[in-house]
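Student: Just the structure for this:
(2 chains)
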Amino acid sequence: MQFDDKSRVEKAKKRAVVNQTEVRNRVELFRHLPQYEHGTQLPDLESKFFRNDPMHRAVYKVGLQYLAGDITGGNARCIAMLQAFSEAIRDYTTPAEKTLTRDLTAKIGSYVSFLIECRPLSISMGNAIRFLKNRIAKLPLTLSESEAKTSLCLDIDRFINEKIILADRVIVRHASTKIRDGDVLLTYGSSCVVEMLLSHALELGKKFHVVIVDSRPKLEGQSLLRRLVANGLNCTYTHLNAVSYIMHEVTRVFLGASSILSNGTVYSRVGTAAVAMVANAFSVPVLICCEAYKFHERVQLDSICFNELGDPQAVAKVSGRGDVNYLGSLGNKDNLQLLNLMYDATPSEYISMIVTDYGMIPPTSVPVIVREYCRDQLWI
Amino acid sequence: MWRRSASFILDKRNDTGARPDFVSLSPPQTTASTMADTLQNPNAKVSAYYQTRAAHHGVVTSDWLAQAQAAVGKYSPESDVRSSSSAAADPGSGKPFSVIDEFNNWRKQPDLAEAVAAIRALAAVIRSSEATTMMELEIELKKASDSLKSWDTTSISLTAGCDLFMRYVTRTSALEYEDFNSAKSRLIERAEKFGEISYKARRIIAMLSQDFIFDGCTILVHGFSRVVLEVLKTAAQNKKLFRVLCTEGRPDRTGLRLSNELAKLDVPVKLLIDSAVAYSMDEIDMVFVGADGVVESGGIINMMGTYQIALVAHSMNKPVYVAAESYKFARLYPLDQKDMAPALRPIDFGVPIPSKVEVETSARDYTPPQYLTLLFTDLGVLTPSVVSDELIQLYL
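Tutor: Coordinates of the predicted model:
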């Protein structure tokens, strides 16, 4: 939904479970994206936690976790959502006069709207929901309710296992063949697949050095740094503004992705495009590790038409440093707007290779995978 | 220099008791290669792939071969297997050995590509197999394929050809037939068909590329590719007027051989030293190369010097066309020049080099897809990004 259309926004607000108040001072270019006051609705939602209606408690819990920022990362969010749906389906009973398929689909739809209100869906979650709705629609009518529910829960478990967990293992196996002794690998932010890859390469006994590039306001690289150093890897930590300074020493760049679009564009954490561009300028190969279920047939040419806006105050403030408040008095001025983008789009020319559970493919082959997936009914 | 005459080979044979195929290319100072051990790659320092090509490109004609074979027909029991040119494998000897023999048998024809010889050999394995179940047959095939691949690990087209053959043949729905014999005959049929397609690939590529050679054009050729030679032969037969610039192709001297062949066809040829490519690039209309292997990114692995030429052509906006059969599509993805299995080839500079001086002996390089314009394959005229498409469809 485009959020600069006032009438639609009004209608959506009436149906909303979560009462969000919109930010007053908004950047014109991004009016089509939702932006709410951060942290105002959490107490209100927490008070409604123990009601089982209209939202199943597992779904409610996951929504709150998204809102509070406890679960981040495409895979983690998708797995949490699917497990919550699985629980909800187990506790579901078909009301009288209704068919299972239609009613359950409507219920899942309402859960999804709630989750969207907490935090806009990532593309991986969108694909998983499409898969689930497709499985519900394909349920044979002869099945009894309990059989249908078990079948759906099994399907969800299989999806998580095959498309995420096993896929990650395959990706790690393929990508670790590209790490040689003496390499200096660069990664940006915190991607779970890249972390698994680096740990696996360490287990294989390869000798390499890791450079972790981080950026404000999320500073996701710090948690990755902690875990890798605890594992015994040699790491260097730096911020995004130093990436061109350090790039001449780097031999490979490994990045994660939230999604890969049909024209080979990588949709990932904001800052990834800058890292890929600098790597390209230094002729350093850029490898993206991404599971195939995150691929989407959409095409995006820039980072503006589809994105997510985070809390603008996070840009102005530094957590843990209350004294850093240079913008304090200017916060409510009309001619100052704060923008906190979450994602950006990296053009395919900067990407050397994409490692998926289908093997190593060039960026031009993403639409081929999307086409083959759909044809074999593996996913849609 | 080396002259390979039948008598020379026969003398050597009588001295050391070895086969004539593996004439060593190393300079005379080094110790003689192990010619007795014919089932392994005789000289591990030199990639067997390049050894074979060089051996073929010596003055080895089929009459000479027949003569040599006849001369030693009484010498060793192995020659019995060799002299039988039919596909019957020797049931007495172990299976992997006869695959290699079969393979070597096919390989002797200088016009036959290595991968096609391997495909024919594998087809022969199916035909002569004594397995009674599909599983057993597949295992046997896999073992034969592995032994062929391990014979020369540096040859990309050999590995790719074997892998593609296995996928193509075992993908058949004939495997669901109840009757093993009919399934087996179906497999043999597919194997033969694959062999036929691979064999005819050169003709198909030659026909497809005719549209791209126009009258009055100047073509730059690098390396001695039999496919490119076929293309140029067909163009000459179709009475097109064009001229060819050949690079010298050190250290294999491929340019000299190619210019020899082209001169026979009455095509105007000009030889360049390898460094003169950029100098001559503005009078060139297109660049034609073959490929040792086509990798998943759409790039090619070819004789050393191809990358350089592609870079120069790209910067001067000249198209680079690659003629490669589809069995050369490999599931490799090099990120840079050093990301491949090394294939070394000793270089003879003509003067002794001090031992402190290192020599870069790699025989091939990787050309990334952005420098290639089109690939002429038996599947059609493709852009480099289609290679991955084809591989995904086959392996998915």
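
Student: what ranges of the chain fall below the confidence cut-off?
Tutor: Using chain A here. For chain A, the stretches with pLDDT under 70 are A:1, A:17-21, A:38-54, A:331-332, A:375-380.

Student: The chain in question should be chain B.
Tutor: Checking chain B against pLDDT under 70 turns up B:1-97, B:171-178, B:396.

Student: Quickly list the domain ranges of it.
Tutor: Following the assignment in automatic domain parsing, chain B carries domains at B:7-94, B:99-203, B:213-395.

Student: Those: which one's closest to chain A?
Tutor: domain B:213-395 (3.8 Å; C-beta to the nearest C-beta). For the C-beta atoms, the positions are set from N, CA and C on the backbone; glycine is no exception.

Student: Is any residue of the closest one near chain A?
Tutor: Yes. Against chain A, domain B:213-395 shows contacts by C-beta under 8 Å from any C-beta of the partner chain at B:296-298, B:331, B:333, B:335-336, B:339, B:369, B:385, B:388-389, B:392-393, B:395.

Student: Separate out the buried members of those residues.
Tutor: B:Glu296, B:Ser297, B:Gly298, B:Arg331, B:Tyr333, B:Leu335, B:Pro369, B:Ser385, B:Ser388, B:Asp389, B:Ile392 (16 or more other C-beta atoms under 10 Å in any protein chain shown).

Student: residues near the spatially closest residue to the second one that is not a sequence neighbour, how many?
Tutor: So that's B:Ser297. Nearest non-adjacent residue to B:Ser297, counting by C-beta to C-beta, 6 or more residues apart in numbering or on different chains: A:Pro362, 4.8 Å away. Neighbours of A:Pro362 under the rule other C-beta atoms under 10 Å in any protein chain shown: 25.

Student: For the stretch 51-200 of chain B, which segments count as helices?
Tutor: Along the stretch 51-200 of chain B, the stretches classed as helices by DSSP state H, counting those that start in this stretch are B:62-71, B:78-83, B:95-107, B:114-128, B:134-151, B:156-170, B:180-208.

Student: my read: the residue nearest to B:Ser297 touches A:Thr356, true?
Tutor: No. Applying C-beta atoms under 8 Å, one finds A:Pro362 not in contact with A:Thr356, separated by 11.3 Å.

Student: Would you enumerate the residues in contact with whatever residue of the stretch 151-300 of chain A ends up closest to chain B?
Tutor: Nearest to chain B, among the residues of the stretch 151-300 of chain A, is A:Pro285, at 4.2 Å (C-beta to the nearest C-beta). By C-beta atoms under 8 Å, 6 or more residues apart in numbering or on different chains, the contact set of A:Pro285 is A:Arg252, A:Val253, A:Ala279, A:Ser352, A:Met353, B:Leu335, B:Asp336.

Student: Show me which of the residues you listed are buried.
Tutor: Using 16+ other C-beta under 10 Å as the burial test, the contacts of A:Pro285 include A:Arg252, A:Val253, A:Ala279, A:Ser352, A:Met353, B:Leu335 as buried.

Student: Return the member of those residues nearest to A:Ser146.
Tutor: Distance to A:Ser146 across the buried ones among the contacts of A:Pro285 (C-beta to C-beta) is lowest for A:Met353, with 46.3 Å.

Student: As a check, name the ranges of all strands in the chain.
Tutor: Since you didn't name a chain, this refers to chain A. A:183-188, A:208-214, A:234-239, A:252-256, A:259-260, A:266-269, A:286-289, A:343-346, A:353-356, A:359-361 (DSSP state E).

Student: To clarify, I was referring to chain B.
Tutor: According to DSSP E, the strands that chain B contains are B:217-222, B:242-247, B:269-272, B:286-289, B:293-294, B:300-303, B:320-323, B:364-367, B:374-377, B:380-382.
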